[in-house]
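J.: sharing a sequence plus its predicted fold:
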Amino acid sequence: MLKTGARLRSQVCETEVVVVRAGDAETALHCGGHPMVDLTASPSEQRALDPRFASGSALGKRYTDEAHTVEVLVTHAGEGSLALGDVALERKGANPLPSSD
Amino acid sequence: MSISLILEMSTSGHPDRAAVTSDGATLTYREFADSVARAGSALQESGARHVVFLGGSGTDQAALLFASAYAGIPFSPVNYRLGKAQLTELVDRIDGALVLVDPRYREAVSAVRAVVTGTDEFMAAVCARTAEPLPPADVDPDAPAIFLFTSGTTSAPKGVVLRHSHLLSYVTGTVEFGSATESDAALISVPPYHVAGTGTVLTNFYAGRRMIYLPDFEPRRWLDLARAEGATSAMVVPTMLERIVRALPPGADAEVPTLKTLSYGGSRMPRPTLEAALAAFPKVGFVNAYGLTETSSTIALLGPEDHRAAMESADPGVRARLASIGRPVPGIEAEIRDPAGEPVPAGEQGELWVRGDQVSGEYMGAASVLDDAGWFPTRDLAYQDADGYLFVVGRNDDTIIRGGENIAPAEIEDVLVAHPQVDSVAVVGVPDDHWGQAIVAVVVAEGGADLDQDELRGYVRTKLRGSRTPDRIVFRPELPTTATGKILRKDIVAGIAATAGNGGEPC
C-alpha cells in the first residue's frame, strides 16, 4: 500500500520518486517494468529494464494515473518509465505561478 | 526527507548553473552544495542542536539554512534590529543553540548562554576543511526545519515552528521544478528573519533561478544592481517599493529592461504607491503575494494578468481588485468566518481562516492553534468577492469599536493616503469616555507640508460617513514601523496616550 510522503527507488534505473498522493491504490508502483522499492532498500540484482517501460522519467515532473488516484514527483531522473502495475503513468503538465518571494 | 531534497534536485538537474550571487561572487549549484555539505558536517561535529543566525542576508544565510537541514537540526534566523535584552531573552529560550553571528552584531549576543561563533570564522573553517563530508542526517519530514520569530506588532515576538513537510508542501505545491531559464535572476532584499527570506531561498532553488543578494536595501543600489546583474524578478515590501519610486525623477521609467515580474507583500500596499510603481515599471508584471509566517509564506496571490485586467476594466468591481490579495494558491483553502465560526456569504467581512499542508499554526512552547479540522485563524479581517478574490481589510486586533460600530482603520487610511499632501497615515482607536474608542488619525505630511486638521477631517467627511471621520488628527514627522514596513500600532497608541496624559498636544 502506497503512503503519502514515501520515497521510492527503481530497481533497474536511477529513478527516485516521492509519493504526493497515495490514494487507495492496491496496485504497486512500478518503474522500468519492476516494482519500486523503499529508497533505503537494496534493489535485487538480477532484474533488467523492461523495454516496454524504458521511455524515462523526468526530474521534477509529476506523474499520475488516469483516474488521478496516485501522484508521484520524480526526485531523481532515470531510464525507466513509471507505471501503476502495468499501466503507464502520465506526465502532468506544468501550471506555473508567478514567483512570489 | 527534508528541505535538502530541493538542493539535491537542483544539483542533479543543473549542477553548473549559477545559483547565487552575493558581494560580487557567484556560486554554481554544485559549488554551493559542496559548501553546504562541509558546513553541515561541521555542524554535526559541533554537537549543536539548533543554529541561531544573527546577520544579514546573503550566500552564508542560504548555505546555513541548508547546512542545518543537512545536520538535521533547526535553523533560526533572528532579527538584528532587536535590542540586546530582547535578543538575549529570545536566544536563551532555545536549547542547545550554536549562535552564528556577523561580526557587527557580536555585542548584541554577548550575554546569551549559548555558544557564540562569528559566521566569518565558522565559514572560513568550513572552507579550509579537508576531511570528507559526513553523510547527511536522516531527517523526519515532521521535524522542525526553521523557527521564525514574528515581528510582534501587537504582542511579544512568538516563535513560529515550520516543519520540513510544511516548507516542502509550499515549494512543491506552488513552484514548477526547474521552470526558470539560465538567464533568470531574482533580486533579494528581504531580511533573513522574514519568512520570505527563507521562502525565497527554497522557491528560487527549486525553480533553478539565480538569486542576487542585496543585504542592506537602499533604492539606488537596488536599481543599480538590478540593471548590472540583469534581474528578471524581485520581491519588495511596500516601503521599499515606495523608496524605489521616489528615487526616480518624477514620471520617469525605472529602466530595468530585464525585469519581468515584481512581487510585493509583507504589509498593506498604499494605492498611490502601487499606481506610481505601475507607471514607473510599465512593462513589468506585478504580483501581490499574501502570506504569514505561520503559513510558510505565500498562500494567496494576485498575478500580473489580474493587475492588468483591473487597470483596464471599466467595471468598478474588477477595478477594485487592484487592492485584492488575489486567490488562494494550489493546496490552500480559504474561508471567511463570523465571530461564531460560521462561514459568511461573498461580500461580507469576517476573519480569514486557511487550511493546507503548508500551514503550521504552531508556536514554540505552545499548543497548535489549528482547529479540529486543521483550519488556521489568520486574525486578518477580510472578505471575498463573487469570483473568489480575497480582500484583506486589516488585522482583527486593529479593529476600532466606536459607539458599538466596528471600524477597520484601513478604510479611513485609504481615503487619507490619497490626499495629495498626505505622505503616510495610521488610524488607531484610543480609549474615549463617550464612544468607548475614539478614532485618531496619525498623519505624516508630504514634504513637511503645513496641513490643517479641520480641512483634512472635512476631506474625509466628503468620502466617508460621519462615524468614520477621525475624531482627531495628529501630525508626526514619521510613523514607527518594523524594518519590513509593518506599522507598530501599539507604539502609536502608547504615544498618543502618553501625550494626552501629559496634557501636551491639544487635538
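T.: Alright, I've got the coordinates. It should be emphasised that the depicted structure is a prediction, and the values quoted were computed from it without experimental measurement.
J.: any stretches of the chain with poor pLDDT?
T.: With no chain named, the answer covers chain A. Counting by pLDDT under 70, chain A shows no low-confidence range.
J.: switch to chain B, that's the one I care about
T.: For chain B, the ranges with pLDDT under 70 are B:151-155, B:498-507.
J.: domains for it, by residue range?
T.: B:1-12+B:21-165, B:308-397, B:399-501 (automatic domain parsing).
J.: out of these, which gets nearest to residue A:41?
T.: Closest approach to residue A:41 among the domains of chain B (C-beta to C-beta): domain B:1-12+B:21-165, 14.3 Å. Bear in mind the C-beta positions are built from the backbone N, C-alpha and C, glycine included.
J.: who does residue B:424 bridge with?
T.: Taking DSSP bridges as the rule, residue B:424 bridges to residue B:444.
J.: how near is it to chain A?
T.: 24 Å (C-beta to the nearest C-beta, to the nearest Å).
J.: the residue of the stretch 101-250 of chain B found nearest chain A: neighbour count?
T.: Taking C-beta to the nearest C-beta, chain A has its nearest neighbour within the stretch 101-250 of chain B at residue B:177, 2.5 Å off. Other residues within reach of residue B:177, judged by other C-beta atoms under 10 Å in any protein chain shown, total 23.
J.: would you mind giving the domains of chain B as a markdown table with mean neighbour count added?
T.: A markdown table is the format used below for those (neighbours: other C-beta atoms under 10 Å in any protein chain shown):
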| stretch | mean neighbour count |
| --- | --- |
| domain B:1-12+B:21-165 | 19 |
| domain B:308-397 | 17 |
| domain B:399-501 | 17 |
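J.: which stretch of helix or strand covers the residue of the stretch 101-250 of chain B closest to chain A?
T.: Residue B:177 belongs to no helix or strand when assigned by DSSP states H and E.
J.: burial count for residue B:269?
T.: When neighbours are counted by other C-beta under 10 Å, residue B:269 registers 22.
J.: give me the nearest residue to the residue most central in space within chain A, chain neighbours excluded.
T.: Centroid-nearest residue in chain A, with C-alpha atoms, centre = their mean: residue A:82, separated by 4.7 Å. Sequence neighbours aside, residue A:89 is the residue nearest to residue A:82 in space, at 4.4 Å (criterion: C-beta to C-beta, 6 or more residues apart in numbering or on different chains).
J.: tally of neighbours for the one you found?
T.: Neighbours of residue A:89 using other C-beta under 10 Å come to 22.
J.: residue contacts, it?
T.: Going by C-beta atoms under 8 Å, 6 or more residues apart in numbering or on different chains, residue A:89 touches A:63, A:64, A:65, A:70, A:72, A:81, A:82, A:83.
J.: same check, this time on residue A:79
T.: Listed by C-beta under 8 Å, 6+ apart, the contact set of residue A:79 reads A:12, A:13, A:14, A:15, A:32, A:49, A:54, A:56.
J.: who are the packing partners of the top helix by length along chain B?
T.: Counting by DSSP state H, the longest helix found in chain B is helix B:29-46. Here helix B:29-46 touches helix B:4-13, strand B:18-22, helix B:59-71, helix B:119-128, going by 3 or more C-beta pairs under 8 Å, 6 or more residues apart in numbering or on different chains; DSSP states H and E.
J.: over to the residue nearest to residue A:24 when sequence neighbours are not counted. Which of the three states is it?
T.: With sequence-adjacent residues excluded and distances taken as C-beta to C-beta, 6+ apart, residue A:24 is closest to residue A:69, at 6.7 Å. With DSSP: H, G, I helix; E, B strand; the rest coil as the basis, residue A:69 sits in coil.
J.: thought residue B:72 was touching residue B:138?
T.: Yes: the criterion here is C-beta atoms under 8 Å, and residue B:72 meets it with residue B:138 at 7.2 Å.
J.: so which bits of chain A are right by chain B?
T.: Neighbours of chain B within chain A, by C-beta under 8 Å from any C-beta of the partner chain: A:5, A:7, A:18, A:20, A:59-61, A:73, A:75-77, A:94-101.
J.: and those residues, which are buried?
T.: Neighbour counting with 16 or more other C-beta atoms under 10 Å in any protein chain shown marks A:7, A:18, A:20, A:59-61, A:73, A:75-77, A:97-101 as buried within the residues of chain A next to chain B.
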